[in-house]
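Student: Here is my input; please provide its structure:
(chains A, B, C and D)
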Protein chains: 2
Amino acid sequence: MSYPASQRRSLLQEARCQTCSLSSLCLPLALELEDMSQFDAIIRRRSPLKKGEPLFRQGDPFTSVYAVRSGSLKQVTSEGNGNDQLTNFFLPSELVGLDGIDEEHYPGTVIALETTTVCEIPFDRLDSLSEELPELRGQLYRSMSKELRDDRRMMRLLSRKTADQRLASFLITLSDRFRRRGYSPFSFRLSMSRADMGNYLGLAVETVSRILSRFQQQNVVAVSGREVNILDMQRLITLAEEEAQAVNSR
Amino acid sequence: MSYPASQRRSLLQEARCQTCSLSSLCLPLALELEDMSQFDAIIRRRSPLKKGEPLFRQGDPFTSVYAVRSGSLKQVTSEGNGNDQLTNFFLPSELVGLDGIDEEHYPGTVIALETTTVCEIPFDRLDSLSEELPELRGQLYRSMSKELRDDRRMMRLLSRKTADQRLASFLITLSDRFRRRGYSPFSFRLSMSRADMGNYLGLAVETVSRILSRFQQQNVVAVSGREVNILDMQRLITLAEEEAQAVNSR
DNA sequence: CGAGCGGTTGACAAAGTTCAAATAATGTGG
DNA sequence: CCACATTATTTGAACTTTGTCAACCGCTCG
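Tutor: Next up is the predicted model:
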């Protein structure tokens, strides 16, 4: 989730969707150049968020969805008592805030994990525009639908997988997301803490740490602080799926 | 999830959205009478599903979403190995299939838990119509957004709650859904097996059974087979939330 | 009436959590 | 840039919760 200086520079320059390297992954995907400029027109640029800075807070009135342009964020839902749940990490091109549409407010706080830039897309404008642009509407439906499927996958992870499988799955998913964005799927930097990972995966920090150590011992990955190198992707995939036997289906 | 004979009869008679008692909860919510008839026109009635019968199977081509009219269903996602994950229960007025939009196929099999009737809504027609009817479009966005929020709640349940809290939460959620639909929130019949509950909640069947027994001993609920009576709702709510201390946030 | 399924209960084992403590990393004020 | 204060991460050991295995009950369906 860090970028070489050259790329970071170019990301910041791309003030318009038409030239943004992410447009093929982002909401304007599938839009014609002409339509894209209409879409581009409703977007508000925001100054970069610093690490730890919230994009919005739980309970804030829902006004916009956001496309991540660079950096990364986490979404945390608090339930009164100190018990927070980290429900999502967002990487470039992903849409933030879709779960706030049907209520007047955002259901969780979204916080930058590093210096992060986003495009703000006022939802009322997006909705109107989606009336005229079937492709845009379809893309919006698809984004939400995909998020639903990802959620189901996460539920499966949380309810059926062992701690080892969770960590392996997590690393694979990250790897895959990086790959799709043109970065190395084998070597990357985690922008979140062990505590964040544990919270997201439903594990104690200590468990996360222990398992990463074990993976390292087994030469599956090399971990140094937040730097990750996947040494044996095949093994990692096996780890994520194996033992998946039995549990409730003898 | 069973209905008195009189109500069941009337549900079956309601062939049109305009007279359906669920329209105030369902997709046509917020539509003017005139718009509603347009919406009504695209809907296909289906003959009732028998218990155990699938509405569609995982991998079937995605064509429609479905609104439950009466009865109930479960969604099961299989991952090759025998390890299935039950990701959702659907009650009357709820929309089935939204997570299939962005792929060409449904991501899970949806099976009737009892005799069940649904309205089939071809998605391409729905999409076109949503172009003309902003209210319908909004409702569709809201439905998906709500489902996202429910998923987040479920993730929280799976990753942070104890078995007791999961069962308590589950009963409360069901109770609430019945209440919204005009049924008793205190007395209802479970249409799913203990195994289904366990699968959904990420618990072994034995655990589900034990905890229900314990709740019963403590006079929180009276359970007889699949009949449930909530005796002490306040206590149940406490059970669902309490102990929610600590875990990752000392 | 017997088979089978769904549900319940007990005993034991395993996976993870909690608590404690040491070490490493990062940030801050001078 | 240094010394100190914090915060993050790792590791060990005891303890809990829940899963697994086994046995049994009760009901329904041929």
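Student: can you pull the contacts of the most centrally placed residue in chain A?
Tutor: Nearest to the geometric centre of chain A sits residue A:90, at 2.3 Å (C-alpha atoms, centre = their mean). For residue A:90, the contacting residues are A:68, A:72, A:73, A:74, A:75, A:96, A:110, taking C-beta atoms under 8 Å, 6 or more residues apart in numbering or on different chains as the criterion. Bear in mind the C-beta positions are built from the backbone N, C-alpha and C, glycine included.
Student: Top of those residues by number of neighbours, please.
Tutor: Ranked by neighbour count (other C-beta atoms under 10 Å in any protein chain shown), those have residue A:73 at the top, with 27 neighbours.
Student: DNA strand C contacts on chain A?
Tutor: Contact residues of chain A with respect to DNA strand C, defined by C-beta under 7 Å from any atom of the strand, are listed as A:162, A:163, A:164, A:202, A:203, A:204, A:206, A:207, A:210, A:225, A:226.
Student: And the residues you listed, which is closest to residue A:138?
Tutor: residue A:202 (33.6 Å; C-beta to C-beta).
Student: For the closest one, give its distance to residue A:172.
Tutor: According to C-beta to C-beta, to the nearest Å, residue A:202 and residue A:172 sit 17 Å apart.
Student: Residue A:130 belongs to a strand?
Tutor: No. Inclusion of residue A:130 in a strand is not indicated when DSSP: H, G, I helix; E, B strand; the rest coil is applied; the result is helix.
Student: quick one: it and residue A:158, what's the gap?
Tutor: Using C-beta to C-beta, one obtains 32 Å as the distance from residue A:130 to residue A:158.
Student: Residue A:56: how many residues sit nearby?
Tutor: The burial count for residue A:56: 20, using other C-beta under 10 Å.
Student: For it, give me the pLDDT.
Tutor: Predicted confidence (pLDDT) at residue A:56: the value is 96.
Student: what's the distance between it and residue A:46?
Tutor: Using C-beta to C-beta, residue A:56 is found at 11 Å from residue A:46.
Student: ok, now residue A:24?
Tutor: With distances taken as C-beta to C-beta, residue A:24 is found 22 Å from residue A:46.
Student: For the two, indicate the residue with more neighbours.
Tutor: The neighbour comparison of residue A:24 against residue A:46 (other C-beta under 10 Å) goes to residue A:46, with 15 against 11.
Student: Can you give me every residue that contacts that one?
Tutor: A:117, A:118, A:119, A:120.
Student: What is the longest strand of chain A by residue count?
Tutor: strand A:81-90 (DSSP state E).
Student: does DNA strand D sit close to that one?
Tutor: No. Applying C-beta under 7 Å from any atom of the strand, one finds that strand A:81-90 is not in contact with DNA strand D, the shortest distance being 12.7 Å.
Student: what about the longest helix belonging to chain A, near DNA strand D?
Tutor: Here the longest helix in chain A is taken by residue count, with DSSP state H as the criterion, and it is helix A:134-160. No. With C-beta under 7 Å from any atom of the strand as the threshold, helix A:134-160 lies outside contact range of DNA strand D, at a closest distance of 8.2 Å.
Student: Among the contacts of residue A:90, which lie within strands?
Tutor: Judged by DSSP E, strands contain the following of the contacts of residue A:90: A:68, A:73, A:74, A:75, A:96, A:110.
Student: Among those, which one sits closest to chain B?
Tutor: residue A:75 (8.4 Å; C-beta to the nearest C-beta).
Student: Now do the residue lying closest to that closest one once chain neighbours are set aside against DNA strand C, distance only.
Tutor: Spatially, and ignoring its direct neighbours in sequence, residue A:75 is nearest to residue A:88 (4.1 Å; C-beta to C-beta, 6 or more residues apart in numbering or on different chains). For residue A:88, the distance to DNA strand C equals 19 Å [C-beta to the nearest atom of the strand, to the nearest Å].
Student: Now the terminal residues of stretch A:125-145, how far apart.
Tutor: End-to-end distance of stretch A:125-145: 21 Å, with C-alpha to C-alpha, to the nearest Å as the criterion.
Student: ok, and for the longest strand of chain A, which residues are buried?
Tutor: Taking 16 or more other C-beta atoms under 10 Å in any protein chain shown as the neighbour-count basis, strand A:81-90 is seen to contain the buried residues A:83, A:84, A:85, A:86, A:87, A:88, A:89, A:90.
Student: With stretch A:27-36 instead?
Tutor: Per 16+ other C-beta under 10 Å, stretch A:27-36 contains these buried residues: A:27, A:28, A:29, A:30, A:31, A:35, A:36.
Student: Which phi and psi values does the third one adopt?
Tutor: Listed backbone geometry of residue A:29 is phi -40, psi 140, with angles given as degrees, to the nearest 10.
Student: Would you confirm that it contacts residue A:136?
Tutor: No. With the criterion set as C-beta atoms under 8 Å, residue A:29 and residue A:136 do not qualify as a contacting pair; they are 9.4 Å apart.
Student: follow-up on the earlier one: if the residue nearest to the centre of chain A is in a bridge, with which residues?
Tutor: Beta-bridge pairing of residue A:90 under DSSP bridges involves residue A:73.
Student: what is the orientation angle of the longest helix of chain A with helix B:134-160?
Tutor: Between the axes of helix A:134-160 and helix B:134-160, defined by axes from the mean of the first three to the mean of the last three C-alpha atoms, to 10 degrees, the angle is 20 degrees.
Student: helices or strands up against the next helix-or-strand element following helix A:134-160?
Tutor: Heading C-terminal from helix A:134-160, the first helix or strand you meet, by DSSP states H and E, is helix A:163-180. Using 3 or more C-beta pairs under 8 Å, 6 or more residues apart in numbering or on different chains; DSSP states H and E, the elements in contact with helix A:163-180 are helix A:134-160, strand A:187-189, helix A:194-201, helix A:205-217, strand A:227-230, helix A:233-241.
Student: partner strands of the second one, parallel or antiparallel?
Tutor: Taking DSSP bridges as the criterion, strand A:187-189 sits next to strand A:227-230 (antiparallel) in its sheet.
Student: what's in contact with the partner strand?
Tutor: Applying C-beta under 8 Å, 6+ apart, the set of residues contacting strand A:227-230 is A:171, A:175, A:185-190, A:220-223, A:236.
Student: with the residues you listed in mind, which one is nearest to DNA strand C?
Tutor: Proximity of these to DNA strand C, judged by C-beta to the nearest atom of the strand, is greatest for residue A:189, which lies at 10.1 Å.
Student: Can you report how many residues neighbour the closest one?
Tutor: Taking other C-beta under 10 Å as the neighbour definition, residue A:189 ends up with a count of 13.
Student: was I right about it contacting residue A:224?
Tutor: No. With the criterion set as C-beta under 8 Å, residue A:189 and residue A:224 do not qualify as a contacting pair; they are 10.1 Å apart.
Student: Contacts only, for residue A:106.
Tutor: Counting by C-beta under 8 Å, 6+ apart, the residues that residue A:106 touches are A:56, A:57, A:58, A:59, A:60, A:62, A:97, A:99, A:100.
Student: how does it look with 10 Å?
Tutor: A:55-64, A:75, A:77, A:96-97, A:99-100 (C-beta atoms under 10 Å, 6 or more residues apart in numbering or on different chains).
Student: Selecting buried members of the residues you listed in PyMOL, what would you type?
Tutor: Burial among the contacts of residue A:106 is assessed by 16+ other C-beta under 10 Å; the matching PyMOL selection reads:
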select buried, chain A and resi 55+56+58+62+63+64+75+77+96+97+99+100
